[in-house]
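Undergrad: model the structure of this input:
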Amino acid sequence: RNLGVSTVKIKIVGCEWGGMSGDQENTRGVYNGVPAHLLDIQVDNIQDDTTRERIQHIWDYFQGEQPLIRTIDLRSTPATDKAIDLERGSAGNETMSKGLAQQDEIAEEQGKSSLEIEAEEQELLELVRFQYDGDIKMDVAIGGDLLDCNDYSLPAEYNGADSLHVLEYMQQFWVVVKVKYELIKDKVYCDIVDSNEIKLRIENQVGVDNNTGFDEFFAAMRSDETKAHLTKCADGCLYDITHEESVDGTRELAHVMDSFATGRPNIVTPFAKYMTFTIEGGVGDLSHKAAIVVEGYYSKGPGRSFALPTHKPLMILRDPPGGLSYASYKNIKTTLKLETSSKSTTVHHKFGLNLKQVVSQRGELCAG
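TA: I've put the predicted structure just below:
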């Protein structure tokens, strides 16, 4: 999709000549009658192709505090080429772009791809390239997300995270990060990025923790694959950006995809673990912090125990007013209902749990 109508201005270096300008509606334009001199070329304006209003943020990029000017030397360019030969054979004042269009039609009939056609045309012309990449963006998607509420505050409750997710304990999950350039906000995007320049760093703390018993929990696992997924990117990983490729060889859908695993739940408020995604390279770094709450059982290790709640008393005795008064209770029978459960879990190769039968006990206690 074209971004708009660009106005290209051409001037001779060191000359007071006012120059020549032309409107360009497509991504490529051919300009005839250009002086064979040392030339300065710049994008003087860019307007929306419908409203004709200036696209301010792109204009700021080309004509901001330091205007972007390309210099080209036409003094030694070849005098003739195939495009000019086609021009000489055409009637009237048709433009060189018509000659290039005719070459495109011939090349397409010969079964050549658009990339091959473009390469041949570039050999015929002296090219000046202006490119606005836009602002780099990324979308993070985490598979198996169980989040079903929205009454939370990421900055206040989850240490400034950018997204919140809920995952099951000891489960494999996939992460897909899509990378793209935003050229016009909420309107025009480009999902092809320079894989040599731009990388994605992932720091993952969802599979590990610093709480008591983790070393025993980790050592008890028999699958090396499970251990590798739990600790993947715990110290940070740098990924190459990959693209999908269409039948004609065109790249699209820049992304990174990989699988990880959840470890033990975090038992400390706000009960979240974190994954951080950072785009490195290009014009600047961009980060996304994902808060992940892991649901499930927290293994404290063999022989561990916990105290029953003691903040609710079973009985309160109050002394009535008066020096000789007293309060007493005799033969009081209090019935307590105790429910305990024992769950044994085994981690197998592909993640998940084998749950053994839950055993419940009930008993009566007397006080008096």
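
Undergrad: pretty sure Ile9 sits against Gly18.
TA: That one is not Ile; residue 9 is Lys. No: under the criterion of Cβ atoms under 8 Å, Lys9 makes no contact with Gly18, lying 9.5 Å away. In this view, the C-beta of every residue, glycine as well, is placed from N, C-alpha and C.

Undergrad: so those two - more neighbours on which side?
TA: Just comparing Lys9 and Gly18: by other Cβ atoms under 10 Å the higher neighbour count belongs to Lys9, 16 against 8.

Undergrad: ok, now how distant is the more buried one from Val34?
TA: Lys9 is 12 Å from Val34, where distance means Cβ to Cβ, to the nearest Å.

Undergrad: for Arg129, same thing?
TA: In terms of Cβ to Cβ, Arg129 sits 16 Å off from Val34.

Undergrad: hey, what's in contact with both of Lys9 and Gly18?
TA: Overlap of the contact sets of Lys9 and Gly18 (by Cβ atoms under 8 Å, 6 or more residues apart in numbering) is empty.

Undergrad: which pLDDT value goes with Gln171?
TA: Gln171 carries a pLDDT value of 90.

Undergrad: wait, a helix at Arg28?
TA: No: assessed by DSSP: H, G, I helix; E, B strand; the rest coil, Arg28 does not belong to a helix; its assignment is coil.

Undergrad: oh, and call the first residue 46 from now on, that's how I've got it
TA: With 46 as the first residue, the last one maps to Arg73.

Undergrad: mind listing the strands for the stretch 46-195 of the chain?
TA: 50-57, 65-69, 83-92, 114-118, 180-187 (DSSP state E, counting those that start in this stretch).

Undergrad: which among these is found nearest to Val301?
TA: Of all these, it is strand 180-187 that lies closest to Val301, at 9.1 Å by Cβ to Cβ.

Undergrad: show me what the helix or strand just after that closest one is in contact with.
TA: Counting by DSSP states H and E, the element after strand 180-187 in chain order, helix or strand, is helix 199-202. Residues outside helix 199-202 that contact it (Cβ under 8 Å, 6+ apart) are 205-209, 315, 336.

Undergrad: if you set the cut-off to 10 Å instead, what comes out?
TA: Applying Cβ atoms under 10 Å, 6 or more residues apart in numbering, the contact partners of helix 199-202 are 205-209, 314-317, 334, 336.

Undergrad: can you say which of the residues you listed are buried?
TA: Buried residues within the contacts of helix 199-202, counting neighbours by 16 or more other Cβ atoms under 10 Å: 206, 208-209, 317, 334, 336.

Undergrad: quick one, the longest strand along the chain and strand 180-187 angle?
TA: The residue-count maximum for a strand in the chain (DSSP state E) belongs to strand 217-229. Here the directions of strand 217-229 and strand 180-187 differ by 160 degrees (axes from the mean of the first three to the mean of the last three Cα atoms, to 10 degrees).

Undergrad: the next helix or strand after strand 217-229 pairs with which strands, parallel or anti?
TA: Downstream of strand 217-229, the next assigned helix or strand under DSSP H and E is strand 233-235. With DSSP bridges as the test, strand 233-235 is paired with strand 217-229 (antiparallel).

Undergrad: pipe the strands of the stretch 46-195 of the chain into a markdown table and attach mean pLDDT and distance to Gln108 per row.
TA: Formatted as a markdown table, those follow (pLDDT from 0 to 100; distance: least, Cβ to Cβ, whole Å):
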| stretch | mean pLDDT | distance to Gln108 |
| --- | --- | --- |
| strand 50-57 | 91 | 10 |
| strand 65-69 | 90 | 13 |
| strand 83-92 | 91 | 7 |
| strand 114-118 | 89 | 10 |
| strand 180-187 | 92 | 18 |
